[in-house]
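Asks: have a look; sequence and predicted model below, questions after that.
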Amino acid sequence: MTDKPTLADYPRHAHDKLRYADTDRQGHVNNAVFATFFETGRVEFLYDPAAPLHGPDGAFVIARVAIDFVDEIRWPGRVDVGSRVAAIGRSSIRLEQALFQDGRHVASAESVIVHVDTRDRKSRPLPQATLVALEACKGR
């Protein structure tokens, strides 16, 4: 059996405030909102204004996302998002993420993100500077 992940296992962190509107009939945060929390982590990582990872005329598109729900999230509070690079391809990134509420692991996700040319929408190789930055964000 593997150890439960902690936020410290992920080199990149983001957070979201839980809203009452995020809850469902059972009184916990709706599972569809988990995808929004993971998106917050991905976007803050990929499009950080201080160090964007896309190349000139480049953008990132999500090709795959899989979410494993571990526990409930309850309002009020916040959720922390940890992100790390699992693998780097020629034009794609496999990202692993986890959600935590009050330090408690509540969900994990794996996504594949592709670097595309904004003009023709076709995949394009990741820039060298991006490859270096991604290597620094690989998981333990």
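Replies: Looks like it arrived, so ask away. Numbering: from 1, shown residues only.
Asks: and the residue nearest to Tyr10 when sequence neighbours are not counted, bridged to which residues?
Replies: Spatial nearest neighbour of Tyr10, chain neighbours left out: Gly82 (2.8 Å); criterion: C-beta to C-beta, 6 or more residues apart in numbering. The C-beta positions use only the backbone N, C-alpha and C, and glycine is treated the same way. In this entry, Gly82 is beta-bridged to His13, Ala98, by DSSP bridges.
Asks: I'd guessed Gly82 sits against Gly41; true?
Replies: Yes: with contact defined as C-beta atoms under 8 Å, Gly82 reaches Gly41; the gap is 7.2 Å.
Asks: more neighbours, the two?
Replies: Higher neighbour count among Gly82 and Gly41: Gly41, with 26 against 23, using other C-beta atoms under 10 Å.
Asks: got the buried residues for whatever helix or strand that one lives in?
Replies: Assigned by DSSP states H and E, Gly41 falls within helix 31-46. Within helix 31-46, the residues scored as buried using 16 or more other C-beta atoms under 10 Å are Val33, Phe34, Phe37, Phe38, Glu39, Thr40, Gly41, Arg42, Glu44, Phe45, Leu46.
Asks: over to stretch 102-111?
Replies: Within stretch 102-111, the residues scored as buried using 16+ other C-beta under 10 Å are His105, Val106, Ala107, Ser108, Ala109, Glu110, Ser111.
Asks: now, the residues you listed that are in strands?
Replies: Mapping these onto strands (DSSP state E) picks out His105, Val106, Ala107, Ser108, Ala109, Glu110, Ser111.
Asks: want to try JSON lines for the buried residues of stretch 102-111, with distance to Ala59 and pLDDT as columns?
Replies: JSON lines is the format used below for these (distance: C-beta to C-beta, whole Å; pLDDT from 0 to 100):
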{"residue": "His105", "distance to Ala59": "31", "pLDDT": "98"}
{"residue": "Val106", "distance to Ala59": "30", "pLDDT": "98"}
{"residue": "Ala107", "distance to Ala59": "26", "pLDDT": "98"}
{"residue": "Ser108", "distance to Ala59": "26", "pLDDT": "98"}
{"residue": "Ala109", "distance to Ala59": "20", "pLDDT": "98"}
{"residue": "Glu110", "distance to Ala59": "21", "pLDDT": "98"}
{"residue": "Ser111", "distance to Ala59": "15", "pLDDT": "98"}
